[in-house]
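Chemist: fold the stuff below for me.
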Amino acid sequence: MLYGGCMEIQGRANLSVGWITLFLMGTDLFVVSPLLPFISEAYKVSPETTGWMVTVFAVTYAFSAPFFGWLSDKKGRRTIITFGLLLFAISNTLTAFALSFSWLIVSRILAGLSVASITPMIYVIIGDIAPPNRRGTWLSIVVSGHLSALWAGAPNKDRTSAIDNQLLLLLHLFLLKNYT
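Modeler: A predicted model of the protein is given here:
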C-alpha cells in the first residue's frame, strides 16, 4: 500500500508540473493576440505588421516541433525540455525589453522554438509515465492546463486576475482529485 500511495503522490506531482508548465506555455501562446492593437500603437507599426508576431511564433512552432521530437529521441527529453525552458526565459525577457519591433519579432521566433521544444515533450512524458489505463485521462489533464491559459491569460476588464487564479487552482485540484 505504501508503494501504491507513493506512486499516486508522484503521479499527481508529475501531473501538476505538466499542467503548470503547459499553462505557462499557453499564456505565451494565447496572450499576444489580444494585445496586438496595443503593441501596434506602442511600436508605431500597422496592425497587419503586428500580426506577424503571431505568424512567426506559429510557423516556427509548427516547423520546429517535429525536429525537437526527433532530437529528444536521440538526446533525451530532459535535455530538450531544459533547453526549451532556458530559451523560454530568454525569449520572454527579450520580448519584455525589445526596443524595436524587429527585436520583438526575433523574440517571438525564439518563443516559438522554446514552446515547440517543451509542449510536445510534456505530452510524451505524461504518456510514458501514466498508468496504461489512465493515459487518456492524464493527457487530458495536462491539455487542460494549456487551454486554461486561453481564458485566464487574455485581458478582460470585467474580471480580476485573483478570481482567475482561484478558478485555475480549483480546476487543477478538481482534476487531480477526481481523475488521477
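
Chemist: quick one: low-confidence parts of the protein?
Modeler: Applying pLDDT under 70 to the chain picks out residues 1-7, 152-180.

Chemist: any chance you could map the strands in it?
Modeler: Under the criterion DSSP state E, the chain contains no strands.

Chemist: what residue lies at the spatial centre of it?
Modeler: Closest residue to the average C-alpha location of the chain: Met25 at 1.5 Å, with CA atoms, centre = their mean.

Chemist: okay, now Ile122: neighbour count?
Modeler: The tally of other residues near Ile122 (other CB atoms under 10 Å) stands at 24. For the C-beta atoms, the positions are set from N, CA and C on the backbone; glycine is no exception.

Chemist: measure it to Asn14 for me?
Modeler: 10 Å (CB to CB, to the nearest Å).

Chemist: which residues does Ala116 contact?
Modeler: For Ala116, the contact set (CB atoms under 8 Å, 6 or more residues apart in numbering) comprises 60-62, 64-65, 68, 84.

Chemist: which of these count as buried?
Modeler: Buried residues within these, counting neighbours by 16 or more other CB atoms under 10 Å: 60-61, 64-65, 68, 84.

Chemist: chain neighbours aside, what residue packs nearest to Leu36?
Modeler: Thr50 (4.7 Å; CB to CB, 6 or more residues apart in numbering).

Chemist: against Ser140, how distant is Trp19?
Modeler: Taken as CB to CB, the span from Trp19 to Ser140 is 11 Å.

Chemist: looking at those two, which is more packed in?
Modeler: Using other CB under 10 Å as the criterion, Trp19 and Ser140 rank with Trp19 on top: 24 against 13.

Chemist: for the nearest residue to that one once chain neighbours are set aside, grab the count of nearby residues.
Modeler: Nearest non-adjacent residue to Trp19, counting by CB to CB, 6+ apart: Gly145, 3.5 Å away. Gly145 has 25 neighbouring residues, counting by other CB under 10 Å.

Chemist: contacting residues around Gly145?
Modeler: 18-23, 26, 172.

Chemist: roughly how far apart are it and Phe101?
Modeler: For Gly145 relative to Phe101 (CB to CB), the value is 31 Å.

Chemist: likewise Ile39?
Modeler: Noted for Ile39: a distance of 8 Å to Phe101, by CB to CB.
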